[in-house]
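> predicted structure and sequence below. I'll ask about it afterward.
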Amino acid sequence: MSLATRVLTALVLGLIAGVVLAPAETGAPAVIVAWVEPVGALWVNAIRMTVIPLLVSLLLGSITSSEAGAVARVGGKAVAWFVGLVAGTSALGGLAAPPLLRLVGASEVQIPELAGAVSTAEVTLPPFRDWLVGLLPPNPVQAAAEGAILPLVVFTVIFGLAATRATPAHRDTLHRAAKAVSETILVVVGWILATAPIGVFALTLTLGAQTGAAVIGAVAGFLVVAVTLLAMAIIVAYPLVRIFGGFPMGLFARACLPAQAVGFSTRSSLASLPPMLEEAERTLGIRPEVSGLVLPAAVSMFKYASPISRIVGTFFVASLFGVELGPLEIAALSAGMGALSFYSPGIPSGGLFVMAPLWMAFGLPMEGVGILIALDLIPDMVLTVANVTGNMAVVALVGGPGRG
């Protein structure tokens, strides 16, 4: 049985066991969850401990193995696909979300209980100026320690490009050191991935025990619309890769499966980076200097399907609070959500906080952010799968046999 099959089996069994135990508040179910939960947390921490050294060593190794012009060409193609794909998902969300929410009746229901429960919620977001200044970290070591991925990527790219101007001997030393670190970390990653069925089972059992299976009314409608549109974004990636990347859809699906399973259970594209790198090189045959550059950049800044989830949530909240949004507002919101998707904290549901400035501009209540955080668990799992699929699609489009 392949690793992907074992991981997916563990995921299904974990969810079933969790739902059976729910609500795990007292008695034997609570004891079981209390013992199982740390296993999932340990597995996620094991993945996270490899991410920073793996990301830095791969970026540095890829950049120092190529001339600056080659790095610019690969990076330029990747960024072009990032922008184009986000524009597409933003348009899909803006066009499809309002009519689908009306179709399922989610736009006609008021839920004052939910609004009242979060009426005191306070949402804060660092101003854009601070985010922009923070892209150049004054202390790269501190940025790494704090998990500030995007500033760390910026520093690593600058350092790597500078290394291409160093003497050949020094550049070769840096390249060999980066390769040694990345290969060693990938051995550790292999050990961690071998235990993936155990980790995924523990995570999903805890998830099922905490949430149960009760979703009704307008909330169910919102979830159905969000998941449906996210699924569409996932499906679209396969023929796109076939047409423009030259990969058979079945091969691409097999390459995506392990990372999709990890992303679904952890709600973290960053945690899915190790299996993405492994499958891109082993299954798709992408050159390491391409995958090592494109995938770290993708997980740090490219949120392929985030606009869909955030647009659906915005329209849902607008309907709950009776805020009317016309065609111009819908178009502006869709464009804004697409732009803000590149400015998103790398944490589960972190993108919800990014919406706050845009909501304020359109008179939407900040209490809605609290509502969406409460409802975001299921959409965020599917969203992570979509984002992981988008990341794999870009590396296939940039480095595949049909590129150009």
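Structure received. Numbers count the residues shown, from 1 in each chain.
> got the buried residues for stretch 195-214?
Of all the residues in stretch 195-214, those buried under the rule 16 or more other CB atoms under 10 Å are 196-211. C-beta here means a position set from N, CA and C on the backbone, and glycine is covered the same way.
> tabulate the CA atom coordinates of that stretch in CSV.
Output of stretch 195-214 as CSV, limited to C-alpha atoms (Å, rounded to 0.1, in the frame of the first residue of the first chain):
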residue,chain,number,x,y,z
THR,A,195,4.9,8.3,10.3
ALA,A,196,2.3,10.4,8.4
PRO,A,197,-0.6,7.9,8.8
ILE,A,198,-0.2,8.0,12.6
GLY,A,199,0.0,11.8,12.7
VAL,A,200,-2.9,12.3,10.3
PHE,A,201,-5.1,9.9,12.2
ALA,A,202,-4.4,11.7,15.5
LEU,A,203,-5.1,15.1,14.0
THR,A,204,-8.4,14.1,12.3
LEU,A,205,-9.7,12.1,15.3
THR,A,206,-9.3,15.2,17.4
LEU,A,207,-10.9,17.4,14.8
GLY,A,208,-13.9,15.1,14.5
ALA,A,209,-14.3,14.8,18.2
GLN,A,210,-14.3,18.6,18.7
THR,A,211,-16.6,19.5,15.9
GLY,A,212,-19.0,16.6,15.5
ALA,A,213,-21.3,16.5,12.4
ALA,A,214,-24.0,19.1,13.2
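> what does that stretch rub up against?
With CB atoms under 8 Å, 6 or more residues apart in numbering as the test, stretch 195-214 has contacts from 3, 6-7, 9-11, 13-24, 29, 32-33, 36-37, 39-40, 42-44, 46, 258, 261-262, 265-266, 377.
> least confident pick among the buried residues of stretch 195-214?
Scanning the buried residues of stretch 195-214 for pLDDT, the low point is Thr211. It has 55.
> ok, Ile308 - contacts?
Counting by CB under 8 Å, 6+ apart, Ile308 has contacts 89-90, 92-93, 97, 226, 229-230, 233, 383, 386.
> check Tyr304 too.
Contacts of Tyr304 (CB under 8 Å, 6+ apart): 85-86, 89, 233, 237, 386-387, 389-391, 393.
> cool, Thr156 as well?
55-56, 59-60, 63.
> one step back: which of the contacts of stretch 195-214 are buried, as a ChimeraX select command?
Buried residues among the contacts of stretch 195-214 (16+ other CB under 10 Å), as a ChimeraX selection:
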select :3,6,7,10,11,14,15,17,18,19,21,22,24,29,32,33,36,37,39,40,43,44,46,258,261,262,265,266
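> one step back: right, and out of the buried residues of stretch 195-214, which lies closest to Glu289?
Relative to Glu289, the closest of those is Ala196; by CB to CB it sits at 26.9 Å.
> relative to Leu205, how far out is that closest one?
15 Å (CB to CB, to the nearest Å).
> do the same with Gly326
Gly326 is 45 Å from Leu205, by CB to CB.
> hang on, the earlier thing: of the contacts of Tyr304, which is the nearest to Val153?
Asn391 (13.9 Å).
> go ahead and confirm that closest one touches Phe302.
Yes: contact status for Asn391 versus Phe302: in contact at 6.4 Å, counting by CB atoms under 8 Å.
> quick one, which of these two is more surrounded?
Asn391 (29 against 24; other CB atoms under 10 Å).
> follow-up on the earlier one: of the contacts of Tyr304, closest to Leu340?
Once CB to CB is applied, the member of those that ends up nearest Leu340 is Val86, at 10.2 Å.
> any buried residues in the helix or strand hosting that closest one, and which?
Using DSSP states H and E, the element containing Val86 is helix 68-103. Buried residues in helix 68-103, counted by 16+ other CB under 10 Å: 70-71, 74-75, 77-79, 81-82, 85-86, 88-94, 96-98, 100-101.
> try stretch 283-303
Counting neighbours by 16+ other CB under 10 Å, one finds that the buried residues in stretch 283-303 are 283-284, 286, 288-303.
> and if you look at stretch 326-343?
330, 332-343.
> from those residues, which shows the smallest pLDDT?
Among these, Tyr343 carries the weakest pLDDT, at 56.
> nearest residue to Gly61 other than its sequence neighbours?
Leaving out its chain neighbours, the residue that sits closest to Gly61 by CB to CB, 6 or more residues apart in numbering is Ala178, at 3.7 Å.
> so which of the buried residues of stretch 326-343 are in helices?
330, 332-340 (DSSP state H).
> tell me which element Ala271 falls in.
Going by DSSP H and E, Ala271 is not in any helix or strand.
> where in the stretch 151-300 of the chain is pLDDT low?
Applying pLDDT under 70 to the stretch 151-300 of the chain flags residues 207, 210-219.
> show me where it has helices.
168-194, 196-211, 217-240, 249-266, 273-282, 288-301 (DSSP state H, counting those that start in this stretch).
> between the ones you listed, which one is nearest to Thr314?
Of all the helices of the stretch 151-300 of the chain, helix 217-240 comes closest under CB to CB, at 11.1 Å.
> relative to Gln260, how far out is the residue nearest to Ile16 when sequence neighbours are not counted?
In space, and not counting its chain neighbours, Ile16 is closest to Gly208: 7.3 Å by CB to CB, 6+ apart. Going from Gly208 to Gln260 by CB to CB gives 19 Å.
> do Val51 as well
Distance, Val51 to Gln260, by CB to CB: 18 Å.
> so for those two, which residue has more residues nearby?
Between Val51 and Gln260, counted using other CB under 10 Å, Gln260 has the larger neighbour count: 25 against 21.
> quick one, what contacts the more buried one?
Counting by CB under 8 Å, 6+ apart, Gln260 has contacts 272, 385, 388-389.
> Leu251: which of those is nearest?
For these, the closest approach to Leu251 (CB to CB) belongs to Thr389, at 14.0 Å.
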